[in-house]
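Visitor: A predicted structure for the sequence below; I have some questions about it.
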Amino acid sequence: MRAMVLEKPGTELKLLDVPVPKPGPGEVLVRVAACGVCRTDLHVVDGDLPDPKLPIIPGHEIVGYVTELGEGVEKFKEGDRVGIPWLGRTCGHCRYCLSGRENLCESPGFTGYTIDGGYAEFTVAHADYCFPLPMDYDDASAAPLLCAGLIGYRSLKLGGPGQALGIYGFGAAAHIVAQVAKFERRRLFAFTRPGDTAAQDFARSLGAEWAGGSDEAPPVPLDVAIIFAPVGELVPAALKAMVKGGTVVCGGIHMSDIPSFPYELLWHERVVRSVANLTRDDATEFLELAPQVPVKTTIETFRLEDANEALARLREGRLTGAAVLIP
Ligand SMILES: [Zn+2]
Ligand SMILES: [Zn+2]
């Protein structure tokens with residue numbers, strides 16, 4: 001099969017012909033119909049994340065069809081459409097798995113990072129970590145739900161129910177969170193790279209009542225801020241925009257260093273927290289919620305062999321919505 005493979009972090013992906021993987025016990029073989037391109041893929045490719053499996057096939061927003069069942073799989077049958085997200089495996093017995101926090105598992109497997117992912121014609125995944133997808137979405141439109149959607153949803157949930165929501169970095173995750181936030185009748189304020197009027201217009205089209213540069217102050221103080229851009233400077237900037245007791249959620253897996261800031265910004269019970277990975281319950285909840293909103297995903301499709309181009313466009317902020325590869 002054709003696959004885009006990372007042999008060494010810091011180099012481009014290579015289009016290679018590799019064997020179709022075999023599903024082991026509990027696993028399914030899936031023909032990939034679409035795979036979203038996430039900022040985390042960029043961090044894997046650039047070497048920002050430690051110890052990836054190498055060589056690795058990136059991609060963890062996979063929509064595909066089951067073509068073969070490993071031993072003991074009963075959850076799916078051949079031909080079923082499934083979604084495969086970032087959380088590929090957990091141990092089931094560590095303190096985190098046993099306390100409803102499998103997102104923090106001591107020995108997890110992550111799709112497209114420590115387990116081969118979806119930048120390929122086929123992939124295998126553990127059936128217990130695959131999800132049926134709502135029929136309201138075609139293959140390509142469903143792909144961004146699987147990470148941008150899931151992590152965005154978890155970020156929104158952990159930020160709490162505050163009314164005035166600020167989103168820093170208006171890309172794939174933000175464009176989904178914005179729709180859920182409006183569905184929940186929140187007020188939405190969007191922060192983009194200074195001068196990025198296209199992203200600001202995009203945010204307004206999704207219900208932001210104000211959109212501006214990340215160097216600007218919002219017209220009202222924020223109850224919750226979610227930072228999707230991997231820029232540490234945004235943490236004190238967001239704290240400055242918060243009400244007392246407000247929460248700043250860092251939604252990305254990697255961020256540049258956070259500059260030091262006066263304690264006064266954190267004082268009054270303001271909270272800064274990160275969001276790591278997802279639980280399977282997050283996936284079930286969000287995939288039920290998405291068609292009710294209904295979340296509409298804005299995508300740009302690329303051929304599998306153009307994955308490097310899609311990643312470059314994401315790095316440079318030259319995408320509206322989410323990039324999706326079609327093998
Ligand atoms: Zn565990
Ligand atoms: Zn992701």
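Guide: Received the coordinates, thanks. Numbering: from 1, shown residues only. Ligands and ions are numbered 1, 2, ... in the order given.

Visitor: Burial check on Val73, number of neighbours?
Guide: By the criterion of other C-beta atoms under 10 Å, Val73 has 19 neighbours. Backbone N, C-alpha and C define where each C-beta goes, glycine included.

Visitor: err, Leu16, not the other one
Guide: Using other C-beta under 10 Å, the number of residues around Leu16 comes to 14.

Visitor: Quickly check: stretch 312-324 near ligand 2 or not.
Guide: No: Stretch 312-324 lies out of reach of ligand 2 by C-beta under 5 Å from the ion, never closer than 10.2 Å.

Visitor: mind listing what's buried in that stretch?
Guide: Within stretch 312-324, the residues scored as buried using 16 or more other C-beta atoms under 10 Å are 313-314, 319-324.

Visitor: In TSV: those residues, plus pLDDT, secondary structure and distance to ligand 1.
Guide: Output for the buried residues of stretch 312-324, formatted as TSV (pLDDT from 0 to 100; DSSP: H, G, I helix; E, B strand; the rest coil; distance: C-beta to the ion, whole Å):
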residue	pLDDT	secondary structure	distance to ligand 1
Arg313	95	helix	36
Leu314	94	helix	31
Leu319	89	coil	34
Thr320	85	coil	38
Gly321	87	coil	34
Ala322	94	strand	30
Ala323	96	strand	32
Val324	98	strand	31
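
Visitor: Leu69: which of those is nearest?
Guide: Val324 (26.3 Å; C-beta to C-beta).

Visitor: check contacts around that closest one.
Guide: 34-37, 61, 140, 143-144, 299-302 (C-beta atoms under 8 Å, 6 or more residues apart in numbering).

Visitor: hmm, try it at 6 Å
Guide: Applying C-beta atoms under 6 Å, 6 or more residues apart in numbering, we find Val324 in contact with 34, 36, 140, 143, 299, 301.

Visitor: Now restrict the residues you listed to buried residues only.
Guide: Buried subset of the contacts of Val324 (neighbour count, 16+ other C-beta under 10 Å): 34, 36, 140, 143, 299.

Visitor: which of the buried residues of stretch 312-324 lies closest to Ala178?
Guide: Nearest to Ala178 among the buried residues of stretch 312-324: Gly321, at 11.1 Å, using C-beta to C-beta.
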